[in-house]
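>>> Here's my sequence, what's the structure:
(one chain, ligands or ions: 2)
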Amino acid sequence: MKIPKYLYQKYNQPTPRYTSYPPANYFKEATDYESMVKAIVNSNFENPENISIYIHIPFCGQLCTYCGCNTLITSNKTLMDKYVASLLKEIDLLKTLLNNKRKISQIHWGGGTPNYLPVENIKVIMNKLYDSFEAIANPEIAMECHPAHLTKNYVDELVKLGFNRLSFGIQDFDNKVLETVNRQKPLLPVDEIIAHIQSYSHVSLNLDFIYGLPFQNLSGYEQTIERAVSLSPDRLAVFSYAHVPWLKKQQKGLEKFGLPGAEEKIALFEKAYDILTAATYKPIGLDHFAKPHDELSIALKNKRLHRNFQGYCTLETTGQVYALGVSGISQLASAYLQNTKSITKYMKAIDNGVFPIEKFYFVNDDEKLIREIIEQIMCNMYVDFKNLAIQTNRSIDEIYAVTQVDFNVLKDFEQEGLLTFVNDILELTRTGQFFLRNIAAAFDPNMKNNRKSFSKAI
Ligand SMILES: C[S@@+](CC[C@H](N)C(=O)[O-])C[C@H]1O[C@@H](n2cnc3c(N)ncnc32)[C@H](O)[C@@H]1O
Ligand code: SF4
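Ligands and ions are numbered 1, 2, ... in the order given. Got it, this is the predicted structure:
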């Protein structure tokens, strides 16, 4: 796969990643607490009915210089215990507001590094969730793990607790790259811990990689991705390094080593893409790959792929997301509610028996429509506007008017071979998949009227 240079030169503009619509930097200060609580109560009457729980564990043993996540570097076990106690109280608070007929379909532990917590802490929280809510027959229970803290016993305990999706941050296998970005080394040889996880046939394994870090080059990255394929994970994420030093000051420290430019980054991604697709992995959305029989690949084939802050999922398992922990973002049908990013404020609010919500956004009907279009583009690379008109009881012209889409821009995309747009059906091409964010942005009126800062598209 070769992406023409003039295209990525043209489209390498600051563009949202669209993990939500509107993106998180449009959220507002939450001043009216009652309306936040009401939004949670109202979610009981909206779809999807299922409950997805997101638990944010901010703690990490060491700060990776490239990191864009909400983290806290500490080894303070007392603080961790206090945080876990707050999470338990937050579950109690949530339970009082949710209809007890609703069931959990997903639990996702993200961070930071959830497996930096002793497994006893994980056990206490999981048991609390199981005691507080019913779950569907086969809920998806996932954890983002750092191999620096993972033992076989830890994996065994997670499996006993019902975890069936484990994700590993690998980033790169090249030691020079890893040392440059201050990445802690795996505790056990990666092959050994992966083989142990794979001995559980029902546990799905994902590996995360990044491209665009200092000292990454084509031959090194080729070796990294080939080694990844040899480990046979069910899914891989190959993230474009998001350089946002105005938000994450430590990232500035990478600039002295020289960061690969857009052209080099594209070449790294093309390399990964070619190796992975030759090994029969299916490209999913912006940066994911899945084995052909993985449910994400099947959902994509059936145009039923979905996405939330935690990543891609299928419409079958997705629920409204209720986030626990510092900086967590609840994604309800009509509202986004974000907890404070300060751990002190978080624990204090919970001690006072209130949700530590600091930011919010209530999504109106027009924004829901735009969100649906953007999600269809980002996930299924396909939008049937006639169908959408029937589903939403609006005329096609009204839908186009709400998005403020400029048909000349769509024509440009079409002439550049990024999509086809015939009879009100928009379908992205293989090349168009690399420009998902740009194509989605064409349907986002905020990109015309109310632009904010974003990382570059590539
Ligand atoms: C919460 S971490 C995963 C768990 C664990 N903390 C670790 O690093 O292994 C989530 C993933 O986000 C990705 N990531 C972090 N910062 C990023 C950035 N600035 N740009 C792109 N991807 C990033 C990394 O691939 C990382 O594996
Ligand atoms: S990449 Fe993972 S381990 Fe590294 S600082 Fe970020 S969250 Fe922590």
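
>>> Buried ones in the one helix or strand Thr420 maps to, by neighbour count?
Assigned by DSSP states H and E, Thr420 belongs to strand 419-422. Using 16 or more other Cβ atoms under 10 Å as the test for burial, strand 419-422 gives Leu419. The C-beta positions use only the backbone N, C-alpha and C, and glycine is treated the same way.

>>> What pairs with the helix or strand just after that strand, parallel or antiparallel?
Later in the chain than strand 419-422, the nearest helix or strand by DSSP H and E is strand 425-428. In the sheet, strand 425-428 lines up against strand 382-384 (antiparallel), strand 419-422 (antiparallel) (DSSP bridges).

>>> Beyond strand 425-428, next helix or strand please.
helix 436-441.

>>> could you point out where the protein is predicted with low confidence?
Within the chain, the segments meeting pLDDT under 70 span 450-458.

>>> Flag every residue of it that's near ligand 1.
Residues of the chain lying close to ligand 1 by Cβ under 6 Å from any ligand atom are 60, 66-69, 110-113, 144, 146, 169, 171, 208, 210, 239, 241-242.

>>> so the nearest residue to Phe257 once chain neighbours are set aside, which of the three states?
In this structure, Phe257 finds its nearest non-sequential neighbour in Pro214, 3.5 Å apart by Cβ to Cβ, 6 or more residues apart in numbering. Look at Pro214: counting by DSSP: H, G, I helix; E, B strand; the rest coil, its state is coil.

>>> what residues are up against Pro214?
By Cβ atoms under 8 Å, 6 or more residues apart in numbering, the residues touching Pro214 are Val177, Thr180, Val181, Leu254, Phe257, Gly258, Leu259, Pro260.

>>> of the residues you listed, buried ones?
Applying 16+ other Cβ under 10 Å to the contacts of Pro214, the neighbour count classes Val177, Thr180, Val181, Leu254, Leu259, Pro260 as buried.

>>> I'd assumed Asp156 was in contact with Ile193.
No: in this structure, Ile193 is not within contact of Asp156 by Cβ atoms under 8 Å, at 11.6 Å.

>>> Tell me which of these two has more neighbours.
Ranked by neighbour count (other Cβ atoms under 10 Å), Ile193 and Asp156 place Ile193 first, with 21 against 14.

>>> Grab the nearest non-local neighbour of that one.
Using Cβ to Cβ, 6+ apart and skipping the chain neighbours, the partner closest in space to Ile193 is Leu150 (5.7 Å).

>>> so how many other residues sit close to Asn47?
Neighbours of Asn47 using other Cβ under 10 Å come to 9.

>>> residues contacting the residue nearest to it when sequence neighbours are not counted?
Once flanking residues are discounted, Asn47 sits nearest to Ala333: 6.3 Å by Cβ to Cβ, 6+ apart. Contact analysis of Ala333 by Cβ under 8 Å, 6+ apart lists Ser43, Glu46, Asn47, Pro48, Gln320, Val363.

>>> Could you report the neighbour count for the last one?
When you say that, I think you mean Val363. 19.

>>> before we move on, what about Tyr83?
Residue crowding around Tyr83 was assessed by other Cβ under 10 Å; the count is 24.

>>> Tell me if it really is in a strand.
No: judged by three-state DSSP, Tyr83 forms no part of a strand; its state is helix.

>>> Report the separation between it and Pro356.
Distance, Tyr83 to Pro356, by Cβ to Cβ, to the nearest Å: 12 Å.

>>> Identify the contacts common to those two.
Val326.

>>> Show me what from this protein comes close to ligand 2.
Taking Cβ under 6 Å from any ligand atom as the contact definition, the chain meets ligand 2 at Cys60, Leu63, Cys64, Cys67, Cys69, Thr71, Gly111, Gly112, Thr113, His146, Gly169.

>>> Narrow those to those in strands?
Taking DSSP state E, the ones among the residues of the chain next to ligand 2 that sit in strands are Cys60, Gly111, Gly169.

>>> Between those residues, which sits nearest ligand 1?
Gly169 (2.0 Å; Cβ to the nearest ligand atom).

>>> thought Val203 was touching Asp156?
No: between Val203 and Asp156 there is no contact under Cβ under 8 Å: 10.8 Å.

>>> now Pro260, nearest residue through space, not along the chain?
Gly212 (5.4 Å).

>>> Could you do Thr280 as well?
Spatially, and ignoring its direct neighbours in sequence, Thr280 is nearest to Pro292 (5.6 Å; Cβ to Cβ, 6+ apart).

>>> Please parse this structure into its domains.
With domains defined by automatic domain parsing, the chain comprises 16-362, 365-449.

>>> Determine how far the last residue of the shortest one lies from the first.
Right, domain 365-449. End-to-end distance of domain 365-449: 18 Å, with Cα to Cα, to the nearest Å as the criterion.

>>> what's the answer for the longest one, then?
For domain 16-362, the first-to-last residue distance is 19 Å (Cα to Cα).

>>> Tell me the backbone dihedrals of the residue nearest to Asn47, please.
Here is the backbone geometry of Ala333 (degrees, to the nearest 10): phi -60, psi -40.

>>> what's the answer for Gly253, then?
When quoted as degrees, to the nearest 10, the phi and psi of Gly253 stand at phi -60, psi -20.

>>> Is whichever residue of the stretch 301-450 of the chain sits closest to ligand 2 in a helix, a strand, or coil?
Closest residue of the stretch 301-450 of the chain to ligand 2, Cβ to the nearest ligand atom: Ser327 (11.8 Å). Under the three-state scheme (three-state DSSP), Ser327 adopts coil.
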